[in-house]
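Enquirer: could you look at this predicted model? Sequence included:
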Amino acid sequence: MSDVTAGEVQTIVAARLLRDARSCFIGVGRPSTAAILAREIVNPDLVLVYESGTIGAKPQRIPLSIGDGELAATADLVVPVVEMFNYWIQPGRIDVAFLGAAQVDRRGHLNSTVIGDYAHPRTRLPGAGGAPEIATGCDRTIVIAPHSPRTFVAQLDFLTTRAAPEAVITDLGVLEPDPDDGELVLVQVHPGVEPDAVQDETGWDLRISPRLGTTPPPTEAELAALRALVAR
Amino acid sequence: MSDVTAGEVQTIVAARLLRDARSCFIGVGRPSTAAILAREIVNPDLVLVYESGTIGAKPQRIPLSIGDGELAATADLVVPVVEMFNYWIQPGRIDVAFLGAAQVDRRGHLNSTVIGDYAHPRTRLPGAGGAPEIATGCDRTIVIAPHSPRTFVAQLDFLTTRAAPEAVITDLGVLEPDPDDGELVLVQVHPGVEPDAVQDETGWDLRISPRLGTTPPPTEAELAALRALVAR
Amino acid sequence: MAEIVGLHEAVAELVHDGDSVAMEGFTHLIPFAAGHEVIRQGRRDLDLIRMTPDLLYDQLIGMGCARRLVFSYGGNPGVGSLHRFRDAIEHGWPVPLEIEEHSHAGMANRYAAGAAALPFAILRGYAGTDLVRHTQVASITCPFTGEELAAVPALNPDVTIVHAQEADRSGSVQLWGIPGVQKEAILAGKRSLVTVERLVDVIEPRPGGVVIPGWVIDAVAVAPGGAAPSYAHGLTERDNDFYKAWDTISRDRDTFAAWMDEHVLGAPAGAGA
Amino acid sequence: MAEIVGLHEAVAELVHDGDSVAMEGFTHLIPFAAGHEVIRQGRRDLDLIRMTPDLLYDQLIGMGCARRLVFSYGGNPGVGSLHRFRDAIEHGWPVPLEIEEHSHAGMANRYAAGAAALPFAILRGYAGTDLVRHTQVASITCPFTGEELAAVPALNPDVTIVHAQEADRSGSVQLWGIPGVQKEAILAGKRSLVTVERLVDVIEPRPGGVVIPGWVIDAVAVAPGGAAPSYAHGLTERDNDFYKAWDTISRDRDTFAAWMDEHVLGAPAGAGA
């Protein structure tokens, strides 16, 4: 397993979390890969929902954009954007939201708007998209982000999405909120990762669970499925 | 022409008013007949809109209900009820509304809710349906009602629809609002009808226009088209 | 995923005495078979919700199933009065009937708000009419323009029942033709039952087709002809003669009761009328 | 009835300096040909509106057509940044760009309110985010439950431009595939232009087809391939390679300008890119 990348572990861990989900709302990139993989390895009936309006899409390949034709062609239904947000997301009909972000703080709140000052930004990011309402509409939010001090920051430059994630999955481990005060706690490290290394990549004094575990390594089957999917 | 009925004249007069309309919103009964007739005699491009959601229906026969299958099968588009009221009626996209009612007052306001007291009605009528918003949404409202003191009343038992009709077409003549104060004025009597007879059938002291005219009698072509339509 | 069950079982499980029940279908796809099963099972004190009560609710009201009616147009379309509806409101027969009435625009937006999990909807309407004094409507001010608009409260029935042309084995359904407010009513309902003309292996999307996934529906029951005397676009025809005949059948209490005895109480679940 | 006109003429007539202009298409049917014609005609000071600015608005912004941008997600989907959008916001190049940003839910509901001729829409959103301090949103109280909700103002662009698969000779159009907010944007617009892949004698309704009648559209122009590098479902394919290549083309001001010179400014109306 020495040839497994951190990104592969991250994607497989995210996919595993969808074992019992009925439906999952996804953007592009790693979250999309994880959700498509989940249909192959743990939950063939998982309903994939993209904010382009495709509900129940069954992509065989990883789409470049959330509006790729294959998503519409394979969906159970395709709805206008207004309907997607008003009738499907806002009432909580989608179980799980997979979200990414440029910055995550210790509460799991997200910034995807701007780095630096709003009026004079150092880096202008794409903005909110569907994330704020997806995070509040879905029962379970899972954040997927690369672990670095630039991403895991003590203070967001902008609070775009008031997420309360049940888990934050990084390329180093898994963080979950403390049941008492909601602050993210490192509960799991991926194989070969030391807790100190996670602290080094986190922009605040990271709490580490006394019951810190290690991520079960990807199985041959999981890895084969992921690599076949990426290669398609 | 002695065999022309008052109802036939009423329907033909209503149809003629649609000569320059782009679209007309209609319920069942005489308004529906008049609008379908209008497409045959004065305005072949008239877009018929039924509150069941059918826009651009092209019925060959008079439908019994606004939801008859022929309306959906021949429509340019068929929309949900929510969309019909929110995106089509409320913004004023439909030019003309044809409305009926159980009671009409001197302002042209309508009652289709109840005769007698609301809590202990003498006669419970069907209720508002789409009329209130149709009347305020469409640019032009035309009321079609049988002329009798039971219908043309000094005081509505219930104000269901705050219509401001440009014309009220009855089986005796045509009423239009006074440009100064909006009170309905008899501007036209159908062939063979005396103004006094119209007053007798009106529950208030009816204003009669100094320029009272007589309805041009139905032409052979109009009558033939109407009778063929009714017979289909 | 919706369970595919028998109509008797579905109604027994989903519709309880005292429930608020919406049976929708705007002149089309009216769920008569399901409504008749509610009558046969003797449900009482229902809070019946429907834009256009039509013959089905005339029957439910005449059989004493309803305590209250929420509606916007209570007529026999193209024919005239609903006599059982009138008798209940005018004379309290067979039991008194409370009413709450709206315009179509108000009712449709109430369902839309319910489907969107919003507590209310806004529209231009009601102002200056006597409805304002007799129903649930409030005034609300636009925070940007200062304009006054009407606000109506969301509808979230305990159970929504609709009829559709077809379902697949996962309980997803497709309906086409006049779509009415069925999608909103299903999504607004806390529970839902869809009766269908037929089961299909795969739902092939149609022009004008509305697909509702099985995972937002509780139960699907097969009831061929279950919309009669209304119709299922493309599969069955509206029985206009019966709509006209109902005027006579329903005008008299005894004639009505005899008809219901013979055609509904004596009929098996799912047989239609 | 919509007029069937040439793209050059349609843009010249409908889009004026200083207008608010919405070009919609949610990852699909993006009206590139029309947007390029706007660039060729040298429009300035536009108030550009679009949920997902994408490459088309990156080009309009980079060519200095916009004074202001109203949006909810300004990225190159699946690829990364929109460099011209960033350069305008971060460095005011080639001209300063005011922004007003929302969430997708807010933008979609703003169009829906505009289409419904309501001054605002309500939703659950914005609360507790920094967006509240930087955009047009207000709090509104439900008159029935007391719950606090977000209110966003209606969008009614001076002109809306979308691309669709087909039109008939009366200017009615049909689009299918991902429907986005095109219908709402057209109905919310004070004027509207639809470019289409093809003219047909009769529009045959399709599964998932959205038909918009010609009498709510001002002009229809035939522009085959006019959605490229996005796509028209069933007729053309999305050019994913170009979306990736745009990252390099657009990163540098001079490379961008040279590309626009060659592929847009030098191209005839309706040729696409």
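Expert: Right, received. Where do you want to start?
Enquirer: all helices for chain C, in order.
Expert: For chain C, the helices defined by DSSP state H occupy C:7-14, C:32-40, C:54-62, C:83-91, C:104-115, C:182-188, C:240-251, C:253-260.
Enquirer: deepest-packed of these, please.
Expert: Mean neighbour count, computed with mean count of other C-beta atoms under 10 Å in any protein chain shown, is highest for helix C:104-115 among those, reaching a mean of 29. C-beta here means a position set from N, CA and C on the backbone, and glycine is covered the same way.
Enquirer: hmm, that one in reach of chain D?
Expert: No. Helix C:104-115 lies out of reach of chain D by C-beta under 8 Å from any C-beta of the partner chain, never closer than 8.8 Å.
Enquirer: follow-up on the earlier one: could you export the helices of chain C as CSV, including mean pLDDT?
Expert: CSV is the format used below for the helices of chain C (pLDDT from 0 to 100):
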stretch, mean pLDDT
helix C:7-14, 98
helix C:32-40, 98
helix C:54-62, 98
helix C:83-91, 98
helix C:104-115, 98
helix C:182-188, 98
helix C:240-251, 97
helix C:253-260, 98
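Enquirer: mind putting these in JSON lines, distance to residue D:40 included?
Expert: Below are the helices of chain C laid out as JSON lines (distance: least, C-beta to C-beta, whole Å):
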{"stretch": "helix C:7-14", "distance to residue D:40": "61"}
{"stretch": "helix C:32-40", "distance to residue D:40": "60"}
{"stretch": "helix C:54-62", "distance to residue D:40": "57"}
{"stretch": "helix C:83-91", "distance to residue D:40": "64"}
{"stretch": "helix C:104-115", "distance to residue D:40": "42"}
{"stretch": "helix C:182-188", "distance to residue D:40": "43"}
{"stretch": "helix C:240-251", "distance to residue D:40": "58"}
{"stretch": "helix C:253-260", "distance to residue D:40": "72"}
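Enquirer: count of residues packed around residue 212?
Expert: Picking chain A for this. Other residues lying near residue A:212 total 14 when counted by other C-beta atoms under 10 Å in any protein chain shown.
Enquirer: you answered for a different chain; I wanted chain C.
Expert: 24.
Enquirer: look at it and report its pLDDT.
Expert: Looking at residue C:212, its pLDDT stands at 98.
Enquirer: and it, what are its bridge partners?
Expert: Beta-bridge pairing of residue C:212 under DSSP bridges involves residue C:173.
Enquirer: check contacts around it.
Expert: Applying C-beta atoms under 8 Å, 6 or more residues apart in numbering or on different chains to residue C:212 gives the contacts A:77, C:164, C:172-174, C:183, C:186, C:194.
Enquirer: low-confidence regions, chain A specifically.
Expert: A:1-2, A:28-29 (pLDDT under 70).
Enquirer: and the residue of it closest to chain C?
Expert: residue A:91 (3.6 Å; C-beta to the nearest C-beta).
Enquirer: mind telling me what element residue A:147 is part of?
Expert: Using DSSP states H and E, residue A:147 sits within no helix or strand.
Enquirer: shouldn't it be in contact with residue A:171?
Expert: Yes. Assessed by C-beta atoms under 8 Å, residue A:147 is found in contact with residue A:171 at 5.6 Å.
Enquirer: which residues of the stretch 151-273 of chain C lie near chain D?
Expert: Within the stretch 151-273 of chain C, the residues that sit near chain D (C-beta under 8 Å from any C-beta) are C:151, C:153, C:204-209.
Enquirer: ok, of those residues, which come out buried?
Expert: For these, a burial check counting by 16 or more other C-beta atoms under 10 Å in any protein chain shown picks out C:151, C:153, C:205-206, C:208-209.
Enquirer: any idea how far residue A:176 is from the closest residue to residue A:204 other than its chain neighbours?
Expert: Nearest non-adjacent residue to residue A:204, counting by C-beta to C-beta, 6 or more residues apart in numbering or on different chains: residue A:154, 4.4 Å away. From residue A:154 across to residue A:176, the span is 19 Å (C-beta to C-beta, to the nearest Å).
Enquirer: in terms of neighbours, single out the busier of these two.
Expert: Applying other C-beta under 10 Å to residue A:154 and residue A:176 shows that residue A:176 carries more neighbours, namely 16 against 11.
Enquirer: for the residue in the stretch 1-150 of chain C positioned nearest to chain A, what are its contacts?
Expert: Residue nearest to chain A within the stretch 1-150 of chain C (C-beta to the nearest C-beta): residue C:117, separated by 3.6 Å. Residues counted as contacts of residue C:117 (C-beta under 8 Å, 6+ apart) are A:90-92, C:154, D:124.
Enquirer: put the buried members of these into a PyMOL selection.
Expert: Here is the PyMOL selection string for the buried members of the contacts of residue C:117, based on 16+ other C-beta under 10 Å:
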select buried, (chain A and resi 90+91) or (chain C and resi 154) or (chain D and resi 124)
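Enquirer: contacts with chain B among the contacts of residue C:117, please.
Expert: Residues of the contacts of residue C:117 in contact with chain B (C-beta under 8 Å from any C-beta): none.
Enquirer: from the contacts of residue C:117, which two are the most distant?
Expert: Distance extremes for the contacts of residue C:117: the farthest pair is A:92 and C:154 at 14.7 Å, using C-beta to C-beta.
Enquirer: pick the one among the residues of the stretch 151-273 of chain C next to chain D closest to residue A:97.
Expert: Distances from residue A:97 to those, taken by C-beta to C-beta, are shortest for residue C:205, at 26.6 Å.
Enquirer: which residue is the nearest non-sequential neighbour of the closest one?
Expert: Residue C:205 sits nearest to residue D:207 (C-beta to C-beta, 6+ apart), 3.7 Å away.
Enquirer: for that neighbour, give me the pLDDT.
Expert: 96.
Enquirer: pretty sure it contacts residue D:233?
Expert: No. Here residue D:207 does not reach residue D:233: they are 11.2 Å apart, not a contact under C-beta under 8 Å.
Enquirer: give the intersection of the neighbour lists for those two.
Expert: Counting by C-beta under 8 Å, 6+ apart, the shared contacts of residue D:207 and residue D:233 are residue D:176.
Enquirer: what's the straight distance from one end of stretch C:102-122 to the other?
Expert: This stretch, stretch C:102-122, spans 14 Å end to end (C-alpha to C-alpha, to the nearest Å).
Enquirer: how about stretch A:15-24?
Expert: Termini of stretch A:15-24 sit 11 Å apart (C-alpha to C-alpha).
Enquirer: do that stretch and chain C meet?
Expert: Yes. Contact of stretch A:15-24 with chain C (C-beta under 8 Å from any C-beta) involves A:22-23.
Enquirer: given the longest strand anywhere in chain A, what are its sheet partners and their directions?
Expert: For chain A, the strand that runs over the most residues, judged by DSSP state E, is strand A:207-214. Using DSSP bridges, strand A:207-214 pairs in its sheet with strand A:184-189 (parallel).
Enquirer: gap between the partner strand and the chain center?
Expert: The offset between the C-alpha centroid of strand A:184-189 and the centroid of the whole chain comes to 16 Å, using C-alpha atoms, centre = their mean, to the nearest Å.
Enquirer: following it, which helix or strand comes up?
Expert: Using DSSP H and E, the helix or strand that follows strand A:184-189 towards the C-terminus is helix A:195-200.
Enquirer: other residues contacting that following helix?
Expert: Applying C-beta under 8 Å, 6+ apart, the set of residues contacting helix A:195-200 is A:147, A:149, A:170, A:172-173, A:186, A:189, A:205-206, A:208, A:212.
Enquirer: of these, buried ones?
Expert: Buried positions within the contacts of helix A:195-200, assessed by neighbour count (16+ other C-beta under 10 Å), are A:147, A:170, A:172-173, A:186, A:189, A:206, A:208.
Enquirer: now, which of those sits nearest chain B?
Expert: Proximity of the buried ones among the contacts of helix A:195-200 to chain B (C-beta to the nearest C-beta) peaks at residue A:170, which lies at 43.3 Å.
Enquirer: list phi and psi for the closest one.
Expert: Dihedral pair for residue A:170: phi -120, psi -180, per degrees, to the nearest 10.
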